[in-house]
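>>> 3D, please:
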Amino acid sequence: MLKNRLLAGVLAAVMSFSVLSFAAPAIKADETGIKLSGVAHVQDQGDTPGSFENEVLTLGTRGLARRLESITINLDNGTGLEGGLEYRVHVQNIGWTEWVKSGEMAGTTGRALRLEAIELRLTGELAEHYDVSYAAHIQDYGDAQGWVSNGLSAGTTGESKRVEEIKVKIVTKSSATAYAPVVAYRTHIQNEGWEAKWSTNGNVSGSTGKSQRLEGIRITLSGNNVSGNINYRTHVQDIGWQDWVSNGELAGTTGMSKRLEAIQITLSGSIADSYNVYYRVHMQDIGWLGWVSNGASAGSDGFAARLEAIQVVLVAKGATPDTTLAGVTQRTSYGSFSSATPNQLIDCGMFSGWTTIGRNTYYITNGQFANGLTTIGGSKYLFRDNLLVKGDRMVIDNVLYYMNDNGSIIRTVDGSRPMVALTFDDGPTVYTGQILDTLEKYNSAATFFVIGSCAAGRKADLQREYALGCQIGNHTYNHPTLTRCSAEQIRNEMKRTDDVIEAAVGTRSTIMRPPGGSFNQTVKDNVDKAVIIWSVDTRDWENRDSQKIINNVLNNTRDGSIVLMHDRLSCTATAVKTIVPTLISRGYQLVTVDELAMFRGGLKNGKAYYSIK
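Okay, here's the model as predicted:
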């Protein structure tokens, strides 16, 4: 009789929901013969009986900062229905325990290990008519997580937070929840950590409008007659696609400051026979993407763009989720974007003009990407394979273009025009900065052959040389005459100086100049670099006269000349103020040795160059 009465009630509730479109109110558990009791093992207290008031069982304490260490829950089933209660707990340093039945202990005693999470579920006929709901009072989070039910996790894992109190209640199912499975998910957000509360059935997890990346996610299933798994994996910054995980396990990372860039989710087991899993993400620089399902990628590939929020929902086979759900309207029907197929950015109709997705910048006009050398708003930019070239150099039509980190062209070298390489030895010194000031003023470059022992204490000068586009060459560490050195000594001089250069600017030299210009075959065989001599010797070290230096350079420089000066002399720094603008006015481009050689056959290690024509 009781079973028939309950089934009739459920059917009536279903009919009521179908006609009136609202859920029937839940019936209190004690009105149908279910009561709960239990004991918690509490830090510093030991076994502590629970209380059962207003149909809610409470175990543990609050306000005392005491951990639960184990729980035992008793279910008195007076309904006449078959089935019972099962539960498991997540224990510090151990993880999830096995499921235990009503009246059995879950957790530990005497080991001072905290409970961190709990899951409960009903079984048998009891699960067909009732829900078990429960809430955890969590260290630092308090009650923020709220109530969960039917196998979802209450508490945290991987966060080292204790559960201090749990509440449990059992209510009859309404027609709305009788047979529907629940998907729940929780994300780890930049600067905030794990969300305290699980999001369910299409609600938003994450944030929008804050430019905060998702870093990790956990997804799980619950509900009556749920048999199967939810499986998922994420594409993580600098890592790529991770392995698949399932049922509440961590996908992504925490504590590594790495963004999620894409996600794939699937169902397996019998639940996959009745449901599809749909999901969509809020992507950096675009917003909400369209729904994808059953293992398809949501997010981006190759754009280095962060995911900021996600929605996940289970939909019965043959149906699809609404484009507007939980107050969210997608901006595009595309569920993912790939840098390998950038025409998506045009086809979706969302973008024109300057378009930045993650690290990639495009310019779209008249339904096409800008490519090659392009003038936009009076300024010139370079695009390669649709992408704006940033912080790099590129040769087009025998012209070398340099771009800053914003993509603006900051300097050019025309291979068809005359060019000269000014070179400076024996630095860096207190006068190096004055020479750099002049080069920067006229947007020109030079080559500095540095002595390692000097450069070790003046790394800022090397960094400025490098930032201005100058070339740094190796002039040995202690300035010895290399023709008097052994092969091992030569290699050591090169290595020590390159170590200093690399420590300052992140790269080693590719050219060298022997002190005094002295070299022999042993030198050429052991420097592992091109040997750069000179065609114009200012002899500034000897005359120390600015005007004589100026005259020497201006009277003897030709296209392809390599000019020798020393940045340890104040007279040279003064002379450069006249030399640079005068050479430019005569049609010369002032370039590095590398740039001079780039258009004229390049350089070979072990070969000596006096000029490059």
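>>> ok, the closest residue in space to residue 316 that isn't next to it in sequence - contacts?
Distances taken as CB to CB, 6 or more residues apart in numbering place residue 275 nearest to residue 316, at 6.0 Å, with adjacent residues excluded. For every residue, glycine as well, the C-beta is placed using N, CA and C. Contacts of residue 275 were listed using CB atoms under 8 Å, 6 or more residues apart in numbering, and they are 181, 267, 314, 315, 316, 317.
>>> Give the bridge partners for the fourth one, please.
Same thing as residue 315. Per DSSP bridges, the residues bridged to residue 315 are residue 276.
>>> Flag the shaky bits of the stretch 301-450 of the chain, pLDDT-wise.
For the stretch 301-450 of the chain, applying pLDDT under 70 flags no range at all.
>>> now do 90
For the stretch 301-450 of the chain, applying pLDDT under 90 flags the ranges 301-304, 338-352, 357-359, 366-367, 378-380, 385, 405-406.
>>> quick one on the thing from earlier: just the buried subset of the contacts of residue 275, written out for ChimeraX, thanks.
Of the contacts of residue 275, the buried ones go into a single ChimeraX selection, burial set by 16 or more other CB atoms under 10 Å:
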select :181,267,314,315
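>>> returning to what we had before: gap between the residue nearest to residue 316 and residue 227?
Going from residue 275 to residue 227 by CB to CB, to the nearest Å gives 11 Å.
>>> ok, now residue 453?
74 Å.
>>> Which of these two has more residues huddled nearby?
residue 453 (14 against 11; other CB atoms under 10 Å).
>>> Pop the domain breakdown of the protein in here.
Split into domains by automatic domain parsing, the chain comes to 25-172, 182-338, 353-414, 419-609.
>>> Start and end of the third one, how far apart?
Using CA to CA, to the nearest Å, the end-to-end distance of domain 353-414 comes to 29 Å.
>>> Figure out how far that domain is from the centre of its chain.
The chain centre lies 25 Å from the centre of domain 353-414; the measure is CA atoms, centre = their mean, to the nearest Å.
>>> Next: the second one.
Relative to the mean C-alpha coordinate of its chain, domain 182-338 is positioned 16 Å out (CA atoms, centre = their mean).
>>> the strands in the stretch 351-500 of the chain, which residues?
All strands of the stretch 351-500 of the chain, identified by DSSP state E, counting those that start in this stretch, fall at 353-357, 360-365, 368-369, 372-376, 379-384, 387-388, 393-396, 399-403, 409-414, 419-427, 447-450, 471-474.
>>> JSON lines for these, including mean neighbour count?
Shown next, in JSON lines, are the strands of the stretch 351-500 of the chain (neighbours: other CB atoms under 10 Å):
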{"stretch": "strand 353-357", "mean neighbour count": "16"}
{"stretch": "strand 360-365", "mean neighbour count": "18"}
{"stretch": "strand 368-369", "mean neighbour count": "14"}
{"stretch": "strand 372-376", "mean neighbour count": "13"}
{"stretch": "strand 379-384", "mean neighbour count": "17"}
{"stretch": "strand 387-388", "mean neighbour count": "20"}
{"stretch": "strand 393-396", "mean neighbour count": "14"}
{"stretch": "strand 399-403", "mean neighbour count": "18"}
{"stretch": "strand 409-414", "mean neighbour count": "16"}
{"stretch": "strand 419-427", "mean neighbour count": "26"}
{"stretch": "strand 447-450", "mean neighbour count": "27"}
{"stretch": "strand 471-474", "mean neighbour count": "26"}
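>>> With distance to residue 581 as added columns, please give the ones you listed in TSV.
Below are those laid out as TSV (distance: least, CB to CB, whole Å):
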stretch	distance to residue 581
strand 353-357	36
strand 360-365	35
strand 368-369	40
strand 372-376	27
strand 379-384	24
strand 387-388	32
strand 393-396	24
strand 399-403	20
strand 409-414	16
strand 419-427	13
strand 447-450	19
strand 471-474	21
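>>> confidence score at residue 178?
Residue 178 is assigned a predicted lDDT (pLDDT) of 46.
>>> Now residue 280: closest residue in space that isn't a chain neighbour?
Using CB to CB, 6+ apart, the nearest residue to residue 280 is residue 291, at 4.9 Å.
>>> Over to residue 363?
That would be residue 370: by CB to CB, 6+ apart, it lies 4.0 Å from residue 363.
>>> which one is residue 232 nearest to, not counting chain neighbours?
With CB to CB, 6+ apart, the residue lying closest to residue 232 is residue 265, at 4.5 Å.
>>> burial of residue 484, as a residue count?
Neighbours of residue 484 (other CB under 10 Å): 9.
>>> Of all the domains of the chain, which one is nearest residue 345?
With CB to CB as the measure, domain 353-414 is the member of these nearest residue 345 (6.3 Å).
>>> Can you get me the start-to-end distance on stretch 509-521?
Per CA to CA, stretch 509-521 runs 20 Å from first to last residue.
>>> cool, and stretch 268-283?
27 Å.
>>> Quick check on residue 344: phi, psi?
phi -60, psi -40 (degrees, to the nearest 10).
>>> where along the stretch 151-300 of the chain do the helices fall?
271-274 (DSSP state H, counting those that start in this stretch).
>>> okay, and for it, where does confidence drop off?
Checking the stretch 151-300 of the chain against pLDDT under 90 turns up 151-154, 156-159, 171-182, 196-198, 201, 221-228, 247-248, 270, 274.
>>> quick one, which of the strands of the stretch 351-500 of the chain is nearest to residue 206?
strand 353-357 (18.4 Å).
>>> Not counting its own residues, what contacts the closest one?
So strand 353-357 is in contact with 284-286, 300, 303, 305, 337, 345, 361-365, going by CB under 8 Å, 6+ apart.
>>> Which single one of the residues you listed is nearest to residue 326?
Nearest to residue 326 among the contacts of strand 353-357, with distances taken as CB to CB, is residue 286, at 18.7 Å.
>>> you'd agree that closest one is up against residue 350?
Yes - counting by CB atoms under 8 Å, residue 350 is a contact partner of residue 286 at 7.3 Å.
>>> Any chance you could list residues touching both of these two?
Residues touching both residue 286 and residue 350 by CB under 8 Å, 6+ apart: 331, 332.
>>> Those two: who's more crowded?
residue 286 (22 against 15).
>>> Would you quantify the distance from that one to residue 208?
11 Å.
>>> got a list of what residue 395 touches?
401, 415, 598.
>>> Toward the C-terminus from the helix or strand where residue 572 lies, list the very next helix or strand.
Element membership for residue 572, per DSSP states H and E: helix 570-585. Using DSSP H and E, the helix or strand that follows helix 570-585 in sequence is strand 589-591.
>>> ends of stretch 142-150, how far apart?
21 Å.
>>> Now it: buried residues?
145, 148, 149, 150.
>>> Please look at the third one and residue 127 and confirm they touch.
No - Residue 149 is beyond contact range of residue 127, at 11.2 Å (criterion: CB under 8 Å).
>>> any idea of the mean pLDDT for stretch 544-554?
97.
>>> follow-up on the earlier one: can you check which of the strands of the stretch 351-500 of the chain gets nearest to residue 559?
strand 419-427 (6.7 Å).
>>> Each with direction, which strands does the closest one pair with?
Looking at strand 419-427 with DSSP bridges, its partner strands are strand 447-450 (parallel), strand 562-566 (parallel), strand 589-591 (parallel).
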